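S.K.: Here's my sequence, what's the structure:
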Amino acid sequence: MSLGGVRDEAEIRGHRRTYIGALPGQIIQSMKKAGTKNPVFMLDEIDKMASDFRGDPASALLEVLDPEQNGSFQDHYLDVEYDLSNVLFVTTANVLHTIPSALQDRMEILRLHGYTELEKMEIAKQYLVRKQRVGTGLTEEQIVFEDDALRAIIRGYTREAGVRNLEREIGNVCRKVARKVVESGAKHRELLTGENLSELLGVEKFRDSQVHEKSEIGLVTGLAWTEVGGTILQTEVQILDGKGKLTTTGQLGEVMQESAQAALSYIRSRAQYLGLSREFYRHVDIHVHVPEGAIPKDGPSAGITLATGLASALTRIKVRRNIAMTGEITLRGKVLAIGGLKEKLLAAHRAGIFEVIVPEDNRKDMADMPELLKTEMKLHFVEQMDQVLQIALEEKLPELKEETLEVLAATMPPMMPETLPLSPQ
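M.R.: Got it, this is the predicted structure:
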């Protein structure tokens, strides 16, 4: 039963028989169709229900999905109790925040991640190619997809969590090859590779970001989660003459702007450790930019990326180009856990980065990682921002104990302006 756009409670509970044209609700009608007392009942798109003056279908579903109540479900049309306790209800949704919390409480929620690139490849090879080939009347000899061609479609022509657009693009290729078969005869054979794919599908629609060519000062590779998988974000930090202003650009949301403020506060607390003046921020402006400014960006996992960029720009030490990172930071430099680790690691792998800094609290997530990531990726699990800087910067910083840092911060005299990393002149 599809719940998209359902806004009338009578769709679930039925109409009373006193009304003209009264019918049982969809639950009872579907049970009659199934012809059994214990079917598997799928409620599709439960997050798309609406409510208006006619009733609230989400509230009507409370009785249907509650195992304590649905043994005596009462449809208004039948007006007698009906036992739904033997039915296995499966619901689907894209988002949770539109489902009432009372209804969520009656469900066991299983979050399904998007397909990985390897999974998409196997689905295409075993199912989608055959389905589209048969649908266009081609034989196995007339069209052959090499792995490179399928990989090129996945990376360059689709960007999604599922495989719907992948199937469309494969069907697009099959139809164009079918036209060639009609024009050239049944003996026409098309071998599709990564090189000749653009002749049929045109210019690539999407291009994955790649690791930058050389290590630079203030340029850090971060990892981000999106609804269509992970991506890498190049984060840039530039130090300018000024009076201590922090500027963030690139359509950063409130959470990322606050992460930048927290990262700067951490850097200021570690000034002696980084070899900076205690008053360094009074004589410089700091500009943080995340490219592709037309795309809004937000999320609580850019803290250590921003802090590393700030440390690199202020100390003039380059950040390693072959390393990516994800994690939130506290004012005291503690690295907090993040979500979407699988998608982020796959994004790094696609971009050719095989070394990633990850919060220690995310070590438990490795049990669900594909074998490819476990064997090919080198992960650094960190608890403190100091560890991140030791790993990410090309030059090692002195290792100081926490107690030493606190004493230094309390007793450090202000340095003269000429000894600052960037002279005000």
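S.K.: So what does residue 149 have for phi and psi?
M.R.: Dihedral pair for residue 149: phi -70, psi -50, per degrees, to the nearest 10.
S.K.: Next: residue 348.
M.R.: phi -60, psi -40.
S.K.: Residue 174 now?
M.R.: Per-residue torsions, residue 174: phi -60, psi -40 (degrees, to the nearest 10).
S.K.: Tell me who's in contact with it.
M.R.: Contacts for residue 174 (Cβ atoms under 8 Å, 6 or more residues apart in numbering) come out as 132, 133, 135, 136, 138, 143. Backbone N, C-alpha and C define where each C-beta goes, glycine included.
S.K.: For the second one, which residues are in contact?
M.R.: This means residue 133. Counting by Cβ under 8 Å, 6+ apart, residue 133 touches 139, 140, 143, 174.
S.K.: next one: residue 21
M.R.: Counting by Cβ under 8 Å, 6+ apart, residue 21 has contacts residue 15.
S.K.: roughly how far apart are residue 18 and residue 94?
M.R.: Distance, residue 18 to residue 94, by Cβ to Cβ, to the nearest Å: 38 Å.
S.K.: Residue 113 too?
M.R.: Remark: distance between residue 113 and residue 94 (Cβ to Cβ) = 13 Å.
S.K.: Likewise for residue 155?
M.R.: 24 Å.
S.K.: which one of those two has more residues nearby?
M.R.: In this view residue 155 and residue 94 are compared by other Cβ atoms under 10 Å, and residue 155 has more residues nearby, 17 against 11.
S.K.: from what I can see the more buried one touches residue 205, true?
M.R.: No - here residue 155 does not reach residue 205: they are 10.3 Å apart, not a contact under Cβ atoms under 8 Å.
S.K.: contacting residues around the nearest residue to residue 292 once chain neighbours are set aside?
M.R.: The shortest distance from residue 292 to any non-neighbouring residue, by Cβ to Cβ, 6 or more residues apart in numbering, is to residue 250 (7.2 Å). Counting by Cβ under 8 Å, 6+ apart, residue 250 touches 289, 290, 291, 292, 293, 297.
S.K.: Count residues in the vicinity of residue 227, would you?
M.R.: Neighbours around residue 227, by other Cβ under 10 Å: 11.
S.K.: wait, it sits on residue 162?
M.R.: No - applying Cβ under 8 Å, one finds residue 227 not in contact with residue 162, separated by 10.7 Å.
S.K.: just the helices in the stretch 151-300 of the chain please.
M.R.: Assigned by DSSP state H, counting those that start in this stretch, the stretch 151-300 of the chain shows helices spanning 164-184, 198-201, 254-269.
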